[in-house]
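Asker: predicted model and sequence below, questions to follow.
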Amino acid sequence: SDLSDRVPPTEVLGMPGLAINGKFLQPSTSRSGVYRVAREVLSALDRVLADNPALAAAVPCRLLIPGGLPPELAKELRFSRIVVPVRQEAPALGPRAQRVAGLLWEQFVLPWRARGSTLVSLCNIGPVVYGNAFTMVHDAQVYSAPASYSRAFRSWYRLVLPLLGRTNRGLLTVSQYSRKQLAHYGVAPAERIRVIHNGCDHVLRLKPDTAQVEALGLAGRPFVLALANTQPHKNIAVLLKAFGSPLLRDATLALFGPATREQFESQGHTVPPNVRFLGFVSDPALAGLLRQAAALAFPSTTEGFGLPPLEAMLLGCPAVVAPNGALPEVCGDAVLWAHAHDAQEWAQQIHRLCTDAPLRTEMQARGAARAAQFTWHRAACRLLETVLGHSLADTGLMGPQADASPVRPPAAAADWLGQRKPKGAHLFGRHVS
């Protein structure tokens, strides 16, 4: 990997240990995509340290959580090398009070508890007064898509992010696209931002619940999965329009997540009769649905990374994606593209996956190969290299490891973005457009 773009090297054996900001593990935290990334990076980091005892001894790592690890998570997070404090008895607080207490803890208590260590925060925010720190800022959407967030949320982020950009040793982010956006909006200069791509191989640990297709009434006709989310940048409105097309009258759009039919209709959207709202779906159930879906549709107008298409592709589900944000960088030439606001193009691309078996087989193969490049092991190694300022091989503390350099998209995906292809044009060969 390219080490010329790293923080100035330190002596590994003499460096401080790592302290991980564990505020995201308090019970009131939303179980979002950012939460998923932090959990998986932490677990992969523990495995890397467990596999390399000399490195673990040289770089001790501890997880700092407000009040300690909640009992319900203690059984899930069984770390062998990362030290986790035992939860102490604390006064019961409501969710809102917990969030406020967590925010105050992060800014004022965490710097004291992390003293003497390099602090790593994985969920966008960290203490602004602690200089020996790296904070992972996943995207710049409080600037680029402000309508998707409350005024209080975006005001807080717009206040804190530039402060972190100035006071931290460096920022981390999840894509080259996000790096450019954060630099564009003045959060930090690009040379102070390091890219660590997410992994997606956590889905391989799941046992898919294939009975959910029958249980949810989706058997007997092709169905396409998408997020039930009313945030404007998720752009689900274009899918509602697409599924009103005669091309998709024999297919079902299955939306999973918190948003309801009533919420979409209250925003002025027309919901066709072939749209189903599944509500919350467990990870095993979602894996079972992805195994049998015709496609995942992901029409976001911007994404800092875009994990759902990779998760789908690794489980054998082709994806139709809008060519926005980091999605071309992440998905490469392994998806079908449809422009974010062209409902007819979405209908055509989804129809092709529902009716063209050779195309579906080709996209499954492309998708699996692409998604396999994004592993949490690689992300954890990249994190360690960035914090240490050395390649792991150069430390002399571990055996040969998988390449930790970022994944780069094939040229074909980048070429496609420069011009809009006519409807039906072939881009990647006989079946793909």
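Answerer: Structure received.
Asker: skip the chain neighbours and tell me the closest residue to Pro66.
Answerer: Closest residue in space to Pro66, ignoring its immediate chain neighbours: Trp105 at 4.4 Å, by C-beta to C-beta, 6 or more residues apart in numbering. To be clear about C-beta, it is placed using only N, CA and C from the backbone, and glycine gets the same treatment.
Asker: beta partners of Asn21?
Answerer: Leu64 (DSSP bridges).
Asker: next structured bit after whichever helix or strand Ala369 is part of?
Answerer: Assigned by DSSP states H and E, Ala369 belongs to helix 357-371. Proceeding N to C from helix 357-371, the next assigned helix or strand is helix 376-388, under DSSP H and E.
Asker: pLDDT of that next one, averaged?
Answerer: Mean pLDDT, taken over the full extent of helix 376-388, equals 95.
Asker: pull the distance from it to the chain's centre.
Answerer: Chain-centre distance of helix 376-388: 16 Å, with C-alpha atoms, centre = their mean, to the nearest Å.
Asker: now do Val321 against Tyr177, distance only.
Answerer: According to C-beta to C-beta, to the nearest Å, Val321 and Tyr177 sit 14 Å apart.
Asker: higher neighbour count, these two?
Answerer: Higher neighbour count among Val321 and Tyr177: Val321, with 27 against 24, using other C-beta atoms under 10 Å.
Asker: which residues of this protein score low on pLDDT?
Answerer: 1-15, 28-30, 87-95, 399-433 (pLDDT under 70).
Asker: dead centre of it: give me the residue that sits there.
Answerer: For the chain, the residue nearest the mean C-alpha position is Leu307 (4.5 Å; C-alpha atoms, centre = their mean).
Asker: test my guess that that one contacts Asp201.
Answerer: No: applying C-beta atoms under 8 Å as the test, Leu307 and Asp201 come out as separate, 11.4 Å apart.
Asker: just give me the longest helix of the protein.
Answerer: For the chain, the helix with the greatest residue count under DSSP state H is helix 33-51.
Asker: continuing past that helix, what's the next helix or strand?
Answerer: That would be, after helix 33-51 and using DSSP H and E, helix 53-58.
Asker: what packs against that next one?
Answerer: Judged by 3 or more C-beta pairs under 8 Å, 6 or more residues apart in numbering; DSSP states H and E, helix 53-58 is in contact with helix 33-51, helix 392-395.
Asker: which one of those helices is the most hemmed in?
Answerer: Scoring the helices and strands packed on helix 53-58 by mean neighbour count under mean count of other C-beta atoms under 10 Å gives helix 33-51 as the most buried, with a mean of 20.
Asker: that one - contacts with which helices or strands?
Answerer: helix 53-58, strand 61-64, strand 82-83, helix 307-314, helix 376-388.
Asker: name the helices or strands packed onto the third one?
Answerer: It refers to strand 82-83. If you count contacts as 3+ C-beta pairs under 8 Å, 6+ apart, strand 82-83 packs onto helix 33-51, strand 61-64.
Asker: just how off-centre is it within its chain?
Answerer: Centroid displacement of strand 82-83 relative to its chain, using C-alpha atoms, centre = their mean, is 24 Å.
Asker: what comes into contact with that strand?
Answerer: For strand 82-83, contacts defined as C-beta atoms under 8 Å, 6 or more residues apart in numbering pick out 20, 42, 45-46, 49, 60-63.
Asker: again, but for the second one
Answerer: Strand 61-64 is touched from outside by 17-22, 25, 42, 45-46, 49, 69, 79, 81-85, 110, 113-114, 117, with contacts defined as C-beta under 8 Å, 6+ apart.
Asker: which ones are touching Pro79?
Answerer: Check again: residue 79 is Phe, not Pro. 42-43, 46, 63.
Asker: out of these, what pair is the most spread apart?
Answerer: Ser43 and Leu63 (11.2 Å; C-beta to C-beta).
Asker: who wins for proximity to Ala295 among the helices and strands packed on strand 82-83?
Answerer: helix 33-51 (19.9 Å).
Asker: could you check the angle helix 376-388 makes with the closest one?
Answerer: Computed by axes from the mean of the first three to the mean of the last three C-alpha atoms, to 10 degrees, the angle separating helix 33-51 from helix 376-388 equals 80 degrees.
Asker: who touches helix 33-51?
Answerer: Counting by C-beta under 8 Å, 6+ apart, 20, 24, 29, 55-56, 59, 61, 63, 77, 79-82, 122-124, 136, 138, 174, 198-199, 202, 307, 375-377, 379-381, 383-384, 398, 401 sit against helix 33-51.
Asker: centre of the chain to that helix, how far?
Answerer: 13 Å.
Asker: can you show me the CA trace of it as PDB?
Answerer: Provided in PDB are the C-alpha atoms of helix 33-51 (Å, rounded to 0.1, in the frame of the first residue of the first chain):
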ATOM      1  CA  GLY A  33     -25.000   1.600   9.200                       C
ATOM      2  CA  VAL A  34     -22.300   3.600  11.100                       C
ATOM      3  CA  TYR A  35     -22.900   1.500  14.200                       C
ATOM      4  CA  ARG A  36     -22.500  -1.600  12.000                       C
ATOM      5  CA  VAL A  37     -19.200  -0.400  10.700                       C
ATOM      6  CA  ALA A  38     -17.900   0.400  14.100                       C
ATOM      7  CA  ARG A  39     -18.900  -3.000  15.500                       C
ATOM      8  CA  GLU A  40     -17.300  -4.900  12.600                       C
ATOM      9  CA  VAL A  41     -14.100  -2.800  12.600                       C
ATOM     10  CA  LEU A  42     -13.700  -3.400  16.400                       C
ATOM     11  CA  SER A  43     -14.300  -7.200  16.000                       C
ATOM     12  CA  ALA A  44     -11.800  -7.400  13.100                       C
ATOM     13  CA  LEU A  45      -9.200  -5.400  15.100                       C
ATOM     14  CA  ASP A  46      -9.500  -7.800  18.000                       C
ATOM     15  CA  ARG A  47      -9.000 -10.800  15.600                       C
ATOM     16  CA  VAL A  48      -5.900  -9.200  14.100                       C
ATOM     17  CA  LEU A  49      -4.400  -8.600  17.500                       C
ATOM     18  CA  ALA A  50      -5.300 -12.100  18.700                       C
ATOM     19  CA  ASP A  51      -3.600 -13.600  15.600                       C
END
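Asker: picking that back up, contacts only, for the residue nearest to the centre of the chain.
Answerer: Contacts of Leu307 by C-beta under 8 Å, 6+ apart are 33, 36-37, 198, 200.
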